[in-house]
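1. Pasting a predicted model and its sequence here:
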Amino acid sequence: MNTYLTKLTLLFILSFTLWTCTDDTALPALESIKEIEPQDNDNKGDASDIEVFFRKQLETNNIQEYRIFAIKSDKAAAFTLEDANAMPTERYTQVGINETYPIKGKVLAVDAKDTDGDVITEKILYRFAVLTVAKDKKAFKNTLVVDEDDFEL
């Protein structure tokens, strides 16, 4: 009987510990965006030439914002969700959930920077990524999509 109570107590403690765990690996991820498509719409030679289109989710109630990243192509394969979450604000373009549509993307600012902190310019290959940011970080994990195609101004 004593062994049974000990096992039951240990099971209860283990269950409670797992239930109160704050590790976000157990959280569901937000649905990802689809089809990142940057376009060169002008000839100024800076980031304001670039309009980034992406197909957002149908359900956006749990989304706070999107963040567009320009990553030098040779570093794109190593760019992770953790990198995106920790990136300083001056190295991405913030997009409200109602700012983009299938026929209207987000035009980058003239002084937009890549993930290295360098101003986006001509003659450099980039890949674009979009981070979907959760409203409630305790309910959902952010998701990241990195485009597989190189882009050059």
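-> Yep, it's here.

2. At which residues are the helices of the protein located?
-> In the chain, the segments counted as helices under DSSP state H are 2-19, 81-86.

3. quick one, what contacts the most centrally placed residue in the chain?
-> When CA atoms, centre = their mean is applied to the chain, the residue found nearest the centroid is residue 131 (1.4 Å). With contact taken as CB atoms under 8 Å, 6 or more residues apart in numbering, residue 131 is in contact with 66-67, 69, 81, 84-85, 92, 142-144. Bear in mind the C-beta positions are built from the backbone N, C-alpha and C, glycine included.

4. From residue 78, how far off is the nearest residue to residue 66 once chain neighbours are set aside?
-> Spatially, and ignoring its direct neighbours in sequence, residue 66 is nearest to residue 95 (4.2 Å; CB to CB, 6 or more residues apart in numbering). From residue 95 over to residue 78 the distance is 24 Å, taken as CB to CB, to the nearest Å.

5. OK, contacts around residue 95?
-> 65-68, 106 are the contacts of residue 95 under CB under 8 Å, 6+ apart.
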